[in-house]
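Novice: Fold the following and give me the result.
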Amino acid sequence: MSNSSTAAKRHRQNIKRRLRNRIVKSELRTNTRRLLELVQNQSKEDARKQYVSVASLLDRAVSKGVIHKNTAARKKHRLQKVLADKAS
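Specialist: Now for the predicted structure:
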């Protein structure tokens, strides 16, 4: 139990934020997995569309403060490399 009302409020806020962050990260992982499956199945056009979607999700996660901007940049770059390697 919290010792002060402000500590109790912080605890409530942390619970809400953790839940929101979990949802965003889960969505990111799911869409990234879909992209990698599309790349393996050689469906280039669908993979490109999915990459745009994943990049957008990463950028939104950065703006919400869920992940760091350099983390998003690194993930986007690695996904672009995978897409380029399979496309050629």
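Novice: name the helices or strands packed onto the lowest-mean-pLDDT helix or strand in the chain?
Specialist: In the chain, the helix or strand scored least confidently by mean pLDDT, DSSP states H and E is helix 69-87, which has a mean of 93. Helix 69-87 is packed against helix 5-40, helix 44-64, with contacts defined by 3 or more Cβ pairs under 8 Å, 6 or more residues apart in numbering; DSSP states H and E. Heads up, the C-betas are built off the backbone N, CA and C, glycines and all.
Novice: Would you mark the buried spots in the longest one?
Specialist: Applying a neighbour-count criterion of 16 or more other Cβ atoms under 10 Å, one finds 24, 28, 31, 32, 35, 36, 38, 39 buried in helix 5-40.
Novice: For the third one, which non-adjacent residue is spatially closest?
Specialist: Setting aside the residues directly before and after it, residue 31 is nearest to residue 54 in space (Cβ to Cβ, 6 or more residues apart in numbering), at 4.9 Å.
Novice: And the pLDDT for the one you found?
Specialist: pLDDT recorded at residue 54 is 97.
Novice: any low-confidence regions in the protein?
Specialist: 87-88 (pLDDT under 70).
Novice: Geometric centre of it: which residue is closest?
Specialist: Closest residue to the average C-alpha location of the chain: residue 28 at 3.2 Å, with Cα atoms, centre = their mean.
Novice: and the closest residue to that residue other than its chain neighbours, what does it touch?
Specialist: If the residues on either side of it in the chain are set aside, residue 28 comes closest to residue 57, at 5.4 Å by Cβ to Cβ, 6+ apart. By Cβ atoms under 8 Å, 6 or more residues apart in numbering, the contact list for residue 57 reads 24, 27, 28, 31.
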